[in-house]
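**Student:** Coordinates only, no sequence provided:
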Ligand SMILES: Nc1ncnc2c1ncn2[C@@H]1O[C@H](COP(=O)(O)OP(=O)(O)OP(=O)(O)O)[C@@H](O)[C@H]1O
C-alpha cells in the first residue's frame, strides 16, 4: 500500500521547476529520509505534498488527507503570543476545530507535553523558549495531530544532541505505530542510524531505496555535481517519466526544456554530469 505516489512530478515556482522527473512510491509505514545538497528541492517536495507549492506537471497522490507537516524552524513565526499549551493544542484543530474548549482535552495535552519533556512549561509564552524547547513543543503538536503521514523539514537543525535523541525516539515510535514519516535531513549519520530508506534528490531523484544501498559516496558526489550544475533560470521541461523500480535513477538521456532558449548548451549538465558515476 502506498502513502504517497509521485507521477512524472514537476514542482516549482513561477514556472521554474525546483523538483522534476519524480516518479515513485513511498510505502505506507515507511521511515524515509530526504537527502540532498542545499537547494536540491527537499523543502519544495515536502511543501508540494501538503499543497503549499504548485504542481507544474504530473501528480502527487496521498492515501490520506491527515498529513502533519513541520516546516523548517526558520519559517515558523515565534513572536505570536501563545503559550506552549496553546501551541500544542493547535494539533487538535483538525478533529475538534480551532475554538473548542481546551479544558476537556487538557489531560491529553499534558500527556503530549510530558512525552516531549515539557512538563511544567504549559503556560510559558512560546517566544521565551529555547530553540530545542520550541522544537519539543512543535513535536507535542505533531503528536496531537495524530496523522498517518508526517512530514518533517530538517527537524534537528540547531537542536542539541540530547533533544535530537529524544525527538528521534518519538519518530521511531511513530514508525513502530505504522505511520509514514518523511524527513528532510542533512546529517547522514542520523540517516544511516535511524532511517531504513532514503531518497537522494538533486532537483530530480538520484537514488531511492534502502539507505545502505543508496547512501554511497558516488551517489552523493553525483547529487552534489548535479545540484551545482543546475540552472536556476531553467523553464519547465518536457515530461520524461522515469520509473524508479531500482535503487538508482538513470540520468535523463534527452532533456530539453521547452521555452528555454537563453541557456542552451549550459543548463542541463544535470542530465549528463554524473552519468555512470553512481554505478
Ligand atoms: N518561494 C520560493 N520562490 C522561488 N523559488 C524558491 C522558493 N522557495 C525555494 N525556491 C527555490 O527552489 C529551489 C529548491 O529549494 P528548496 O528550499 O526546496 O531546497 P532544499 O533542498 O530544501 O534546500 P536546503 O537544504 O538549503 O533547505 C532553490 O533553487 C530555491 O531557491
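**Tutor:** Received, thanks. The structure presented is a predicted model; accordingly, all values stated were derived computationally and were not measured. Numbers count the residues shown, from 1 in each chain.
**Student:** How about residue 184, nearest residue that isn't a chain neighbour?
**Tutor:** Nearest in space to residue 184, with sequence neighbours left out and distances taken as C-beta to C-beta, 6 or more residues apart in numbering, is residue 42 at 3.9 Å. Just so you know, the C-beta spots here come from the backbone N, C-alpha and C atoms, and that holds for glycine as well.
**Student:** How confident was the prediction at the one you found?
**Tutor:** Per-residue pLDDT puts residue 42 at 96.
**Student:** How about residue 223?
**Tutor:** 89.
**Student:** next one: stretch 70-90 to chain centre, how far?
**Tutor:** Put simply, stretch 70-90 sits 19 Å off its chain's centre (C-alpha atoms, centre = their mean, to the nearest Å).
**Student:** Kindly provide the whole-number mean pLDDT of that stretch.
**Tutor:** Per-residue pLDDT over stretch 70-90 has a mean of 88.
**Student:** Please identify the pairing partners of the strand or helix carrying residue 151 and their relative orientation?
**Tutor:** Per DSSP states H and E, residue 151 falls inside strand 149-153. The pairing partners recorded for strand 149-153 under DSSP bridges are strand 67-70 (parallel), strand 180-184 (parallel).
**Student:** helices and strands around the next helix or strand after it, which ones?
**Tutor:** Next in sequence after strand 149-153, counting helices and strands by DSSP H and E, comes helix 161-176. Helix 161-176 is packed against strand 31-35, helix 131-145, strand 149-153, strand 180-184, helix 188-194, with contacts defined by 3 or more C-beta pairs under 8 Å, 6 or more residues apart in numbering; DSSP states H and E.
**Student:** Residues of the stretch 1-150 of the chain that sit close to the ligand?
**Tutor:** Within the stretch 1-150 of the chain, the positions adjacent to the ligand are 13, 18, 36, 38-44 by C-beta under 6 Å from any ligand atom.
**Student:** Need the max-distance pair from the residues you listed.
**Tutor:** For these, the maximum inter-member distance is 17.3 Å, found between 13 and 36 (C-beta to C-beta).
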